[in-house]
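1. Fold the following and give me the result.
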Amino acid sequence: MWIPYYVSDDVKSLDSLITLTKEAMENKRKIPIHLFHEVKSVDFEKREVLIRDIKSSNNLIENYDYLVITTGGKSNTTKISNDADLDHPRVFKVHTLGHAKRLKDFLTTTKINSAVIIGGGYIGLEMLEAYEAHGVKNLTLTGPRLNFRSESQEFIQKELEMHGVKIILKKRVKTIRSVSDEKLKVILADGEEIETDLVQLSIGVVPATDLFKNTKLEMLDNGAIIIDEFCRTNIENVYSAGDCAAIYHKLLKKNVYLPLAPAANKLGRLSGSHIAGKKVDSFTGIVGTSIFKVFDLYCAQTGLSEQDAKDMGFNVQTTLITNNELAHYYPGVKKMSILLRFDAESHLLLGAEITAPSPLGAKKIDVLATVLNAKMTIDEIQQLDLSYAPPFAPTWDPILIAANVARKKCK
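-> Numbers count the residues shown, from 1 in each chain. Next up is the predicted model:
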């Protein structure tokens with residue numbers, strides 16, 4: 001997620017975050033772009049799209065041969081009560097370019113002392129550093145957990161405590177109340193009240209597919225559009241990709257909603273190429289790999305949670321090790337952690353989590369994601385020929401050490 005690094009001013013220009021401008025699309029790719037237009041409805045039988053020009057309020061109808069639905073996701077606010085003061089000028093969402101600009105403009109022009117971040121997922125955790133960069137001293141984070149669903153979150157908790165963040169876990173936010181134009185009150189389900197200068201809503205993303213409710217377009221219960229390996233929906237000549245679409249999870253063996261950038265970009269390219277008649281490889285799915293930064297701690301995960309693995313009938317075991325990220329004698333060496341989740345019967349790796357003091361350690365998750373994709377066992381991980389040099393890793397890579405410990409728990 002790029003928003004934290006723009007708000008913190010690590011990324012200076014909002015324009016640098018735009019991959020393709022309107023001018024580039026129209027002049028170089030000859031694709032007409034209609035900004036400030038809203039799709040009001042789609043008639044799949046007639047292959048017609050009803051569009052409203054927001055500036056003029058005029059409606060027009062466009063016919064299509066192929067339709068690609070890429071409406072993306074939107075901030076989830078359904079977990080907050082309907083009477084919450086979400087329109088207060090100091091309540092911020094963090095999902096779009098507009099959200100990012102509004103928040104950064106506010107923080108650079110207004111001195112505040114406190115902020116409550118609702119949500120302990122990727123964006124909630126990553127945004128803490130941005131607030132600290134703007135001198136916000138009193139930070140409170142609320143959420144069901146700190147992203148991980150295991151003891152790995154203890155490393156995140158320690159990092160947050162080092163930066164003075166107050167952590168409130170497993171307490172639901174009931175509502176948000178306006179105290180004044182400059183103050184809000186976050187009220188928890190148990191009655192606890194937190195007065196603050198700013199509230200950030202980061203309690204997840206849901207598909208922006210309300211337009212297609214009550215149509216024959218097949219979707220998951222949360223509204224994610226179901227697609228096949230070429231991004232085709234159940235309706236002829238209608239495709240979908242990105243954060244509005246479900247995606248096949250290779251380990252769970254079913255469609256899930258996991259809106260992350262790598263798959264969204266791949267599926268966008270795939271859908272366009274397939275419509276254009278190009279020979280393309282099918283998209284076989286994901287294993288659930290992600291990476292994120294919490295202050296000076298780099299975190300990553302891939303594969304199944306313990307509960308998901310148990311639900312699938314595996315005899316789940318885990319091992320958690322801490323080890324030097326680099327050679328023990330190399331200047332500045334610090335500890336990293338690796339958690340492996342595996343089946344004690346088949347020895348298959350099921351999932352992994354990493355926390356590390358640098359990107360180098362966290363990116364080891366890609367090795368374990370590859371292991372999952374290849375359906376490798378703990379025994380096969382032990383045999384991997386991983387690189388070594390003192391600035392990069394110990395002689396025994398932490399992945400190999402974790403596999404050696406895990407092997408002792410296998411039958």
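
2. Between the two ends of stretch 90-103, what distance do you get?
-> Length of stretch 90-103, first residue to last, CA to CA, to the nearest Å: 9 Å.

3. what does it rub up against?
-> Contacts with stretch 90-103, where a contact means CB atoms under 8 Å, 6 or more residues apart in numbering, come from 2-3, 6-7, 14, 17-18, 73-75, 77, 85, 106, 123, 127, 176, 182, 184, 197-202, 205. Using the backbone N, CA and C atoms, a C-beta is placed for each residue, glycine as well.

4. what about burial for those, which qualify?
-> 3, 6-7, 73-75, 77, 85, 106, 123, 127, 176, 184, 197-202, 205 (16 or more other CB atoms under 10 Å).

5. Show only the entries of the residues you listed found in helices.
-> Using DSSP state H, 3, 6-7, 106, 123, 127 are the members of these that sit in helices.

6. rewinding a little: among the contacts of stretch 90-103, which are located in strands?
-> Among the contacts of stretch 90-103, the members falling in strands (DSSP state E) are 73-75, 176, 184, 199-201, 205.

7. of those, closest to residue 281?
-> Taking CB to CB as the measure, residue 281 lies nearest residue 73 of these, at 25.8 Å.

8. in the stretch 1-150 of the chain, which ranges drop under the pLDDT threshold?
-> Along the stretch 1-150 of the chain, no part satisfies pLDDT under 70.

9. before we move on, back to that, take the ones in helices among the buried ones among the contacts of stretch 90-103 and lay them out in JSON lines including distance to residue 230.
-> Formatted as JSON lines, those follow (distance: CB to CB, whole Å):
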{"residue": "3", "distance to residue 230": "31"}
{"residue": "6", "distance to residue 230": "34"}
{"residue": "7", "distance to residue 230": "37"}
{"residue": "106", "distance to residue 230": "43"}
{"residue": "123", "distance to residue 230": "31"}
{"residue": "127", "distance to residue 230": "36"}
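
10. Would you check which pair of those residues lies furthest apart?
-> Spanning the widest gap among those are 106 and 123, at 16.9 Å by CB to CB.

11. Please, where are all the helices along the stretch 1-150 of the chain?
-> Residue ranges of the helices in the stretch 1-150 of the chain, as given by DSSP state H, counting those that start in this stretch, are 3-7, 22-27, 97-109, 122-133.

12. Now distance to residue 171 too, for the ones you listed, in a markdown table please.
-> As requested, the helices of the stretch 1-150 of the chain are exported to a markdown table (distance: least, CB to CB, whole Å):
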| stretch | distance to residue 171 |
| --- | --- |
| helix 3-7 | 24 |
| helix 22-27 | 45 |
| helix 97-109 | 25 |
| helix 122-133 | 14 |
